[in-house]
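A.B. asks: just need the structure, nothing else, for what follows:
(2 chains)
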Amino acid sequence: MTTISGVPGDSSDTFDIQSLKAKRSRSRNLFNIIMTGLSGLSILIALVPLVLVLFYVFINGVNRLDLDLFTQLPPPPGSAGGGIANAIVGTLIVVAIAAAISVPIGVLCAIWLSEFGGGDTSIDEYVRFGVNILAGVPSIIAGVFIYGIMVRPGRPGYSALAGGVALAVLMLPTIVRTADEALKIVPQEIRWAALAVGASNYQTILKVVLPAAIPSILTGVTLAIARAAGETAPLIFTALFSPFRFNGVTNPIATLSVLVYNFATLPFQPQQELAWAASLVLVLMVLLTSIIARVVTRQKTY
Amino acid sequence: MGFALFILLLLVAIGLLILTQAWPAMQEFGLSFLWTSSWNPVEGRESFGVLPIIYGTLVSAAIALLIAVPLGLGTALFLSENFIPLKIRTVLVFMVELLAAIPSVVYGLWGIFVLIPALRWFFDLFGIFFTGPSMLAASLVLSIMILPIITAISRDSLAALPPELRQGSYGLGATRWGTIFRVLVPAAISGIVGGVMLALGRAMGETMAVTMLIGNANTISLSLLDPSNTIASLLANQFAEARGIQVAALMYAAFVLVILTLIVNILADWIVRKLQAKY
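C.D. replies: A predicted model of the protein is given here:
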């Protein structure tokens, strides 16, 4: 048996294994325990609102979740019944317009950034910086901008189209960023291989690099769409609201998010119930698309 | 090439449009717009000043940060360390991300019908009169909304640190939290501060939940229980019905908001680049 001398608190000949164990009472250990507790507590506090919001949206929204909700128009203020059919359709239409504008522009911009930008890094940097700044522009400013271009007196006025363009401004940076990341992940060797067998630059990008990056790009697009569907601020003075069914993209249109905003502040019980039901539909739409987007990208090509 | 420049053109267009639309108000009110307090759109005696609104914007964002930074950083540390098995952590990370996925307007609805009654009940216990829509209610909801940004960016920058840093620190006998505070957080500080700045920008520009909860009163009050207003809320409330010089005044306010968020976002970008430790 070896004896180790000099171990503090060890008077016997044999090595006291207890002396190596961390003592809880040592101040640094106590600090560790407290800090671990605090950080655990902070995540608990952070998740309480999530649970509470989802819980209240569910219990307040679920009793109006019937067929009428999806087929009827909102009733006049104060009267009961009706549904939010026009707002559901409206959200889908406005988001579709936004996606049709922002996805092609965003993806092409990302292709340029990751595939062609290498030659001139300074412009590259400026564009990436611009994308970051655009991502930081408050959503209401996108609404103000589109109001100034398409809505203000003398211009076409409130329309589904204006709402869609405002959302597109907000979706653009997300799409550029995620598509840029997705293209960067595609290994450089793939590009070399394509070029080595005689493919042109465009063939390499369109037939080799882009297909490899498509799953990740789709995730980014889906997440951007999910976020856009929940946006309200850019719509309240571009798409405005309409109590009627969809009648053309050049007219004001109802959307779920604006409906929630308008009805939440009305002093009528049936309207408030509709606001909760619309919130539930909106949250389900947003959460489902987010979850699907995530599950789909689990499969990586390279 | 053209499409990449499109982004820059779009930014310039946003700036120019707001500037030109705001120009009549800028000429009429000049810089005193920034430090006067009356907001009177009645025709014939219009006067516009945004001091209380700038105050509300900055204070609500500051309070939200005060709450969300410790919680968000604690959450990020908890999720980047191995306190709990990876599988549970992945679920928790996803749940925090869901916080960011809930639409702003839904937070507003929840705030009106759940948070404000809860706060009223709480203050009643102490015999304090609570009006309802107030700076406090808006800031609380705002903090919930920016917490996922702080958590996500802090966690990313902590996760990006090379494992040798942690191993080296443990090898020297440092405790876990000693390592976190003396090694990991300083090394990841650029990402953390950048995340906080982005969250600040988001808090200043956040519209719907704040509009529904802050009470939209153009007064400066030191009490957090009083209603206040933010630039974004002002725009959301008045834009659809504004006419003439009021539109220009609102555009001026929008311009102020753009400048504020631009400063914060450029600073965030700069901090992330400059403070970045080279590993």
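A.B. asks: rest of the way, CA atoms for contacts and neighbours
C.D. replies: Noted.
A.B. asks: now for the residue sitting nearest the centre point of chain B: which residues touch it?
C.D. replies: The C-alpha lying nearest the average C-alpha coordinate of chain B belongs to residue B:203 (Cα atoms, centre = their mean; 1.2 Å). Residues in contact with residue B:203 (Cα atoms under 8 Å, 6 or more residues apart in numbering or on different chains) are B:60-61, B:64, B:142, B:146.
A.B. asks: what about burial for the residues you listed, which qualify?
C.D. replies: B:60-61, B:64, B:142, B:146 (16 or more other Cα atoms under 10 Å in any protein chain shown).
A.B. asks: returning to that earlier point: any idea which element the residue nearest to the centre of chain B lies in?
C.D. replies: According to DSSP states H and E, residue B:203 maps onto helix B:189-205.
A.B. asks: what residues does the stretch 51-200 of chain A put near chain B?
C.D. replies: Selection of the stretch 51-200 of chain A residues close to chain B by Cα under 8 Å from any Cα of the partner chain yields A:53, A:56-57, A:105-106, A:108-110, A:112-113, A:127, A:129-134, A:136-142, A:144-145, A:148-149.
A.B. asks: quick check: what element follows the helix or strand hosting residue A:212 along the chain?
C.D. replies: Here residue A:212, judged by DSSP H and E, is contained in helix A:210-230. Sequence order places helix A:256-264 as the next helix or strand after helix A:210-230, per DSSP H and E.
A.B. asks: mind listing the helices for the stretch 1-150 of chain B?
C.D. replies: Applying DSSP state H, counting those that start in this stretch to the stretch 1-150 of chain B gives helices spanning B:2-29, B:51-80, B:86-101, B:104-110, B:116-125, B:135-159.
A.B. asks: what's the angle from the longest one to helix B:86-101?
C.D. replies: For helix B:51-80 against helix B:86-101, the angle between stretch directions is 170 degrees (axes from the mean of the first three to the mean of the last three Cα atoms, to 10 degrees).
A.B. asks: correct me, but residue B:136 touches residue B:225?
C.D. replies: Yes: contact criterion Cα atoms under 8 Å: residue B:136 and residue B:225 qualify, at 5.8 Å.
A.B. asks: looking at the two, which one has more neighbours?
C.D. replies: residue B:136 (23 against 19; other Cα atoms under 10 Å in any protein chain shown).
A.B. asks: pLDDT at the closest residue to that one other than its chain neighbours, what is it?
C.D. replies: Beyond its immediate neighbours in the sequence, the residue positioned closest to residue B:136 (Cα to Cα, 6 or more residues apart in numbering or on different chains) is residue B:224, lying 5.2 Å away. With respect to pLDDT, residue B:224 has a value of 90.
A.B. asks: could you look up the SS state of residue B:224?
C.D. replies: Under the three-state scheme (DSSP: H, G, I helix; E, B strand; the rest coil), residue B:224 adopts coil.
A.B. asks: who's in contact with the residue in the stretch 201-302 of chain A that chain B sits nearest to?
C.D. replies: Chain B sits closest to residue A:230 of the stretch 201-302 of chain A, with a gap of 4.7 Å, by Cα to the nearest Cα. Residues counted as contacts of residue A:230 (Cα under 8 Å, 6+ apart) are A:257, A:282-283, A:286, B:102-105.
A.B. asks: C-terminal to the helix holding residue B:203, what's the next element?
C.D. replies: helix B:208-213.
A.B. asks: what are the pairing partners of the helix or strand of chain B with the lowest mean pLDDT, and which direction each?
C.D. replies: Of the helices and strands making up chain B, the lowest-confidence element is strand B:39-40, at a mean of 84, by mean pLDDT, DSSP states H and E. Sheet pairing of strand B:39-40 (DSSP bridges) gives strand B:47-48 (antiparallel).
A.B. asks: for the record, mean pLDDT for the strand it pairs with?
C.D. replies: 86.
A.B. asks: what does it rub up against?
C.D. replies: Under Cα under 8 Å, 6+ apart, the answer for strand B:47-48 is B:29, B:33, B:36-41, B:249.
A.B. asks: any low-confidence regions in chain B?
C.D. replies: B:1-3, B:277-279 (pLDDT under 70).
A.B. asks: residue B:251: which element?
C.D. replies: helix B:245-275.
A.B. asks: go on, residue A:157?
C.D. replies: Using DSSP H and E, residue A:157 sits within no helix or strand.
A.B. asks: tell me the pLDDT at it?
C.D. replies: 87.
A.B. asks: number of nearby residues for it?
C.D. replies: 22.
A.B. asks: same question, residue B:228
C.D. replies: Around residue B:228 there are 32 residues (other Cα under 10 Å).
A.B. asks: show me what contacts it?
C.D. replies: If you count contacts by Cα under 8 Å, 6+ apart, then residue B:228 has B:52-53, B:56, B:134-135, B:214-221 around it.
A.B. asks: of the residues you listed, closest to residue B:269?
C.D. replies: Nearest to residue B:269, judged by Cα to Cα, of these is residue B:56 at 25.0 Å.
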